[in-house]
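Engineer: fold the following and give me the result.
(chains A and B)
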Amino acid sequence: MTSFAKPHINLKHAKRNALGLTRHDYEGAMSTLCAGCGHDSVTACMAKAFFELSIEPHRAVKISGIGCSSKTTAYFLSESHGNNTVHGRMPSVATGAAAANAGLTYIGVSGDGDSLSIGMGQFAHAIRRNVNMLYMLENNGVYGLTKGQFSASADIGSKSKKGEVNLSPPIDPVTLALSLGATFVARAFSGDREQLVPLIKAGLKHNGFGLIDVISPCVSFNDHVGSTKSYAHTYKYYHPAVHADYVPMSEEIKTSYAAGEAVPVELHDGGSIVLRKLDEDYDPRDRGAAYAQIAERDAKGEIVTGLLYIDESREDMAAMNKLTSRPLNTFPYDELCPGSDALTALQKGFR
Amino acid sequence: MSTPMNTPGINDFVIKLANVNGTGSASANGLLMKSIFRMGVPVVGKNVFPSNIQGLPTWYEIRVTGAGYGARSGNVDMMVAMNANTYARDIAELRPGGVLIYDSTWPRQHVLSRTDVTVLGVPLAQMCNAAFKVARSRVLMKNMAYVGAVAALLSIDVEVIRTLVREMFAKKPKLVDLNMQALALGYDYAMEHFECPLPFKVERLDETKNKIMIDGNTAAGLGCVYAGATVGAWYPITPSTSLMDAFKKWCEKFRVDPKTGEHNYCIIQAEDELAAVGMVVGASWNGARAFTPTSGPGISLMSEFIGFAYYAEIPLVLFDVQRVGPSTGMPTRTQQGDVQMCAYASHGDTRHILLFPAHPGECFTMAADAFDLAERYQTPVFVLSDIDIGMNDWMVDELEWDDARQPDRGKVLNAEQIESLEQFHRYKDVDGDGIAYRTLPGTHPKGAYFTRGSGHNADGNYTENEAEYQEVLDRLVRKWRGAADHVPAPIVKKAKGGKARWGILAYGSSDCAVLEACDTLAAEGLHMDYMRIRGFPFSDEVSDFVMAHDHVFVVEQNRDAQLRGLLLLETQIPRAKLLPLLHYSGEPLTSHFVHEHIKDAARQEQSA
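Structural biologist: Next up, the predicted model:
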């Protein structure tokens, strides 16, 4: 099997973004995933978010690990560099890339298999470092590429396609991220683009590590009765708690929200994230409350979605390391090499 | 095996100091060595220490060598025995006629059991307990007190030591007085009670001008700064940790904007070696010069990413400061045990570029070379030093830097070049040298490609087509072979007078021992040509050297003759030509060991 290029059609009257580009300019190769895969919806949402934010495709970087979700970085933004790394190690490559050039927009795409088993260490430490990237965790509770084994996010009692019942407790990336000090934590559902696209936009604009855990059902191996990551189950227990939208600096915050309902959070680029609370007692700026709310809903079998937590005040990796604003990969050599005189001088200390 | 018997003389002897780890002896011993260096006399220092913070035995060996040899000789002429637990083995190691110094606060009859050595007791603890009030000082100052006694016995200029003490404690003036007092205690006691100086002693020379004393990790860290490295990712592991410490130190000196305090470098302490190398992959892929220092266990962990970088063609600089394996092995002991692992690290058909520095001076130059090679060949490059080079202070020529030197950033297309292309093919051999052009993220929309460790064709697209797969794989090995003439060339030292029938091959920290052994063998009438290999893949020069001799000894510090194995795999050299000479005790190689083995082998051949 080789990869297929998608036919590039630019409609005359297609909507253009601030750069004059159309949605098609944000597409990639043809997906090789199964028809109806939740991941393909997520891919479309990522493309749409980049388009709506008017990010030049070549100024974005897509990094992934191994698995169905990790393959999707080939299916959008064909004009940006992609790096399909090794299993569970996307975060370290993204970390190094962000260190070398903090001036690009980094999106990491991973899955529950890639992130929560072999990759859990790197996932955790990228959060601790607050690497400036958006981490998409396309979560289907199953290993698709190896045909249906449980992943670490499978719920207790969840049934595999072969009828096996999962007995081990799941790892929840959202509560894990909260406990590790993540500064942007969201949960979404691949079937709800209205919610997901604005979340991706907000996550891309957040200064620091953003996690979006996207429930993304696997139509081939985990969409049957008894699966808690199926379309049917997710639709039934899906509970949007807070709606997020990104508003660029140039636009005023819309007044469509009722007073007291909309909470704007200012971002480093001057834009804002506007949060519309659907649950009255939910405050996404209170880490403790976020935990409580998730646990409470979880006990009822509900999946809370939306931007569950945001903290725009913490320094990202670049700031913690006092990195210069000029990308490290652009420094001319003569600014980096101290030269022979300095070498002679410093060697006085070695006599 | 016999002990070497050549008698010690002026500026030609070995002091060994047997201490307890964590008692502050290391700085006193370093100071003793440096004072001899400052008297213009060449020295060799070897710290043989345990994998322990406090309590286990540790040794420091100082060879005073007016002739300027760089290896351990294998002799011990003076033993400063400060560890009662190791008295027995310490006294046994002394050459007949040698001198033992011990703390006679507690007289030990059994230390006198050897009648062929001179035992000198100095009541160090007693003197220090009387002179110092604080318990910690009483322990620490014993070190400086024995330095004083040794100085008297070897006629080391006390003023030189006093200057060093002032420099060492410049920021803690209180300690200067304490140390001076301790130094005098030992010195005065020896002058009063012993016949000073001994027949073997230090005499001023002028042989250390334009020399420095530096360890390989410090030099390699400095080399990374000079190479223009901006990203360093690492996970702490003995014995490579001090390499990143050095990089950080020099970056803080040279790479911080004095006005804004901003850094033009980024050092990341990773969660493990797997992440450390991943960060280097990410940074290098994104166009920064990036590196990771580690040791054998780290390379094992990094192997998956090393294969990825090889196949996806991402520059990678790795420093492997080798320690004793297998597994955890002996973490603070030296070995050349990672040669074959690094040559072919990771699954599938992979081959890498290796550099073998022989001393700290080459750690500096080869650090810079490694980045040039990694970026030129878009592939992992390993700098293989070891504990001996990495952590011991070596006397080497002053480091030099050519300000005209420009880094070789390899084939990276800029925005204008990409713009002028009809189409960019990431893995196409445009120039016929096996090296394709690469682009960096963020440069130009037409330069984008998908980096993958899965099967790919010349455009970087996924493929399972055999012809497309093989085209890339065959080019990779062509590219690698092309590096043979661009890694540092071997260095040959021809035997004096006529054609030598026998040769020696060695690499890395074995060099000094072999050079000295060649001199000793020549003095006995056995003339050997010597080639030091400095890089892999091997250039034709290596095979030519071997083929020009009847037999060639391959001197290595491992059990399995790993370089010899590489030579047999990668060249047409017949197996019987290469005679392994292997040392893998964990202690740095001695010239005596090399000399004895080759002499024995020659004798056997002559009698056969």
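Engineer: where in chain B is pLDDT low?
Structural biologist: B:1-6, B:110-112, B:608 (pLDDT under 70).
Engineer: what domains does the record give for it?
Structural biologist: B:12-193, B:214-397, B:415-485, B:491-607 (automatic domain parsing).
Engineer: quick check: closest non-adjacent residue to the most centrally placed residue in chain B.
Structural biologist: For chain B, the residue nearest the mean C-alpha position is B:Ile389 (1.8 Å; CA atoms, centre = their mean). Spatial nearest neighbour of B:Ile389, chain neighbours left out: B:Gly216 (3.8 Å); criterion: CB to CB, 6 or more residues apart in numbering or on different chains. For the C-beta atoms, the positions are set from N, CA and C on the backbone; glycine is no exception.
Engineer: next one: the one you found from B:Leu589, what distance?
Structural biologist: 15 Å (CB to CB, to the nearest Å).
Engineer: likewise B:Ala483?
Structural biologist: Applying CB to CB to B:Ala483 and B:Leu589 gives a distance of 28 Å.
Engineer: again, but for A:Thr85
Structural biologist: Counting by CB to CB, the gap from A:Thr85 to B:Leu589 is 40 Å.
Engineer: confidence score at A:Arg297?
Structural biologist: Predicted confidence (pLDDT) for A:Arg297: 87.
Engineer: against B:Glu273, how distant is B:Ala517?
Structural biologist: 36 Å.
Engineer: out of those two, which sits in the more crowded spot?
Structural biologist: Between B:Ala517 and B:Glu273, counted using other CB atoms under 10 Å in any protein chain shown, the more crowded position is B:Ala517 (31 against 23).
Engineer: what sits against that one?
Structural biologist: B:Ile504, B:Ser591, B:Val594, B:His595, B:Ile598 (CB atoms under 8 Å, 6 or more residues apart in numbering or on different chains).
Engineer: and which of those is nearest chain A?
Structural biologist: Nearest to chain A among those is B:Ser591, at 24.9 Å by CB to the nearest CB.
Engineer: can you list phi and psi of the closest one for me?
Structural biologist: phi -70, psi -30 (degrees, to the nearest 10).
Engineer: give me the pLDDT value at A:Ser230.
Structural biologist: In this model, A:Ser230 carries a pLDDT of 92.
Engineer: and B:Gly216 and B:Leu589? which has more neighbours close in?
Structural biologist: B:Gly216 (37 against 29).
Engineer: that one is in contact with B:Val396, isn't it?
Structural biologist: No. With contact defined as CB atoms under 8 Å, B:Gly216 does not reach B:Val396; the gap is 9.4 Å.
Engineer: mutual contacts of these two, please.
Structural biologist: By CB under 8 Å, 6+ apart, the residues touching both B:Gly216 and B:Val396 are B:His359, B:Pro360.
Engineer: count the neighbours of residue 306 for me.
Structural biologist: No chain was given, so I picked chain A. Neighbours of A:Gly306 (other CB under 10 Å): 23.
Engineer: chain B, not that one
Structural biologist: Counted with other CB under 10 Å, B:Ile306 comes out at 23.
Engineer: equivalent analysis for B:Asp511, please.
Structural biologist: 25.
Engineer: that one sits in which helix or strand?
Structural biologist: helix B:511-523 (DSSP states H and E).
Engineer: and the top strand by length along chain A, what does it pack onto?
Structural biologist: In chain A, with assignment by DSSP state E, the single longest strand is strand A:238-247. Other elements packing on strand A:238-247 under the criterion 3 or more CB pairs under 8 Å, 6 or more residues apart in numbering or on different chains; DSSP states H and E are helix A:193-205, strand A:272-277, helix A:287-299, strand A:303-310.
Engineer: buried set for stretch B:519-530?
Structural biologist: By 16 or more other CB atoms under 10 Å in any protein chain shown, the buried positions in stretch B:519-530 come out as B:Asp519, B:Thr520, B:Leu521, B:Leu526, B:His527, B:Met528, B:Asp529, B:Tyr530.
Engineer: mind putting those into TSV with distance to chain A?
Structural biologist: Output for these, formatted as TSV (distance: CB to the nearest CB, whole Å):
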residue	distance to chain A
B:Asp519	27
B:Thr520	30
B:Leu521	33
B:Leu526	37
B:His527	36
B:Met528	33
B:Asp529	34
B:Tyr530	28
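Engineer: which two of the residues you listed have the greatest separation?
Structural biologist: Spatial extent of the buried residues of stretch B:519-530 (CB to CB) is set by the pair B:Thr520 and B:Asp529 at 15.5 Å.
Engineer: now the strands for the stretch 51-200 of chain A?
Structural biologist: A:60-64, A:81-84, A:105-111, A:133-139, A:142-143, A:149-150, A:184-189 (DSSP state E, counting those that start in this stretch).
Engineer: what of the stretch 251-400 of chain B?
Structural biologist: Counting by DSSP E, counting those that start in this stretch, the strands of the stretch 251-400 of chain B are B:266-269, B:290-294, B:316-322, B:353-355, B:380-386, B:393-397.
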